[in-house]
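> For reference, the sequence and a predicted model appear below.
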Amino acid sequence: MSDGTVHLDLSEQIATLRFDRGSRRNALHWPMWLALGERLDEARAARPRALILTGEGPHFCAGMDLKPDNPLVERILPAIMDGQEAPARGVITELKAITRKLLDFPVPTFAAIEGVAAGGGYEIALHCDVLVAARDARVGLPEVRAGMVPDVGGSTLLARRVGPGRAALAACTGRMFDAPEAQLLGYLDLLAEPGQALALARSLAAEVCLGGPVAVAGALRTVRAVPSLALDAAFALETEAGVAALTSGEPREGTLAFMEKRAAVWG
């Protein structure tokens, strides 16, 4: 597939990355993941003072594209259909290597969310330092309803952000949350008027540029370090949970139910 990419804009010391696959609400297929990694490398090389991640059009990102024309679906079919662990672990590890570039980006990062940020889309947003959303946006981790786990950083980073109880509410129910409730629960940081999430994120990024680069970098390292202790161990645990889910047989029913637009029936 060639449709869908991630754009990079550089302006006034701010790098802006945009998911662009409007035909599918910016849902992620393999070319989108590759483009995300490439644009993050390019953005880092440009040495901006702040980075913003957003979506083109009315939505941030609807999550992983589960339709058969996504090459990633083909790659994990042996896990889903035959319980093979290696393909599941390989895909999760590759995707985490891409999102780790965002997690380790050396300047403050902002997610500007309009519309839907679901599943993998919200997981990517959780790698940002500050999450800004429109008041009419919706966020959530619906993976369990397809028999999967938020295994690309989502369950780990959400638990570190809000604690295990509130993280379990999102990760274990698969609910989608309206932005005001999500902010109340700590899933989001700031709310903007509809259509103004990117504008608010740009305003905040501009404020970052007012500070000394060394001071901002030092403050950022400090605030990131406190909740990130033993992060790799937590990510490893999350990966194993994702592999176990993908090879359990549940995604077979979950994916079929998704395609047939019905509720999954679990054994």
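Noted; the coordinates are in hand.

> Please enumerate the helices of the stretch 151-267 of the chain.
Under the criterion DSSP state H, counting those that start in this stretch, helices of the stretch 151-267 of the chain are mapped to 154-162, 164-173, 179-185, 197-208, 213-225, 231-246, 250-260.

> list the helices and strands the shortest one packs on?
Applying 3 or more C-beta pairs under 8 Å, 6 or more residues apart in numbering; DSSP states H and E, we find helix 179-185 packed against strand 130-134, strand 138-140, helix 164-173, strand 190-192. Quick note: C-beta positions are derived from backbone N, CA and C, even for glycine.

> Name the residues that touch it?
113, 133-139, 162, 166, 169-170, 177, 188-191 (C-beta atoms under 8 Å, 6 or more residues apart in numbering).

> Please repeat the previous calculation with a cut-off of 10 Å.
113-114, 117, 122, 131-140, 158, 161-162, 165-167, 169-170, 175-178, 187-192, 194, 197 (C-beta atoms under 10 Å, 6 or more residues apart in numbering).

> CA atoms only for stretch 5-25 - export them in PDB, please.
C-alpha atoms of stretch 5-25 as PDB (Å, rounded to 0.1, in the frame of the first residue of the first chain):
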ATOM      1  CA  THR A   5       2.200   8.900   5.400                       C
ATOM      2  CA  VAL A   6       3.500  11.200   8.100                       C
ATOM      3  CA  HIS A   7       4.400  14.800   7.200                       C
ATOM      4  CA  LEU A   8       7.100  16.900   8.900                       C
ATOM      5  CA  ASP A   9       6.800  20.700   9.100                       C
ATOM      6  CA  LEU A  10       9.500  22.900  10.600                       C
ATOM      7  CA  SER A  11       8.600  26.400  11.600                       C
ATOM      8  CA  GLU A  12       9.900  28.800  14.300                       C
ATOM      9  CA  GLN A  13      12.000  26.100  16.000                       C
ATOM     10  CA  ILE A  14       8.900  23.800  16.300                       C
ATOM     11  CA  ALA A  15       8.700  20.500  14.500                       C
ATOM     12  CA  THR A  16       5.200  19.300  13.700                       C
ATOM     13  CA  LEU A  17       4.400  15.700  12.600                       C
ATOM     14  CA  ARG A  18       1.100  15.000  11.000                       C
ATOM     15  CA  PHE A  19      -0.500  11.600  10.400                       C
ATOM     16  CA  ASP A  20      -2.100  11.700   7.000                       C
ATOM     17  CA  ARG A  21      -4.400   8.900   5.900                       C
ATOM     18  CA  GLY A  22      -7.700  10.600   5.900                       C
ATOM     19  CA  SER A  23      -9.500   7.800   4.000                       C
ATOM     20  CA  ARG A  24      -9.200   5.700   7.200                       C
ATOM     21  CA  ARG A  25      -9.200   8.300  10.000                       C
END
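
> re the thing from before, could the helices and strands packed on helix 179-185 go into TSV alongside distance to Arg47, mean pLDDT and mean neighbour count?
As requested, these are exported to TSV (distance: least, C-beta to C-beta, whole Å; pLDDT from 0 to 100; neighbours: other C-beta atoms under 10 Å):
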stretch	distance to Arg47	mean pLDDT	mean neighbour count
strand 130-134	20	98	25
strand 138-140	30	98	24
helix 164-173	34	98	17
strand 190-192	26	98	19
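
> Specify the stretch among the ones you listed that is closest to Met81.
helix 164-173 (24.8 Å; C-beta to C-beta).

> How about residues contacting that closest one?
The contact list for helix 164-173 (C-beta under 10 Å, 6+ apart) reads 122, 139-145, 149-150, 154-162, 175-177, 182, 184-187, 241.
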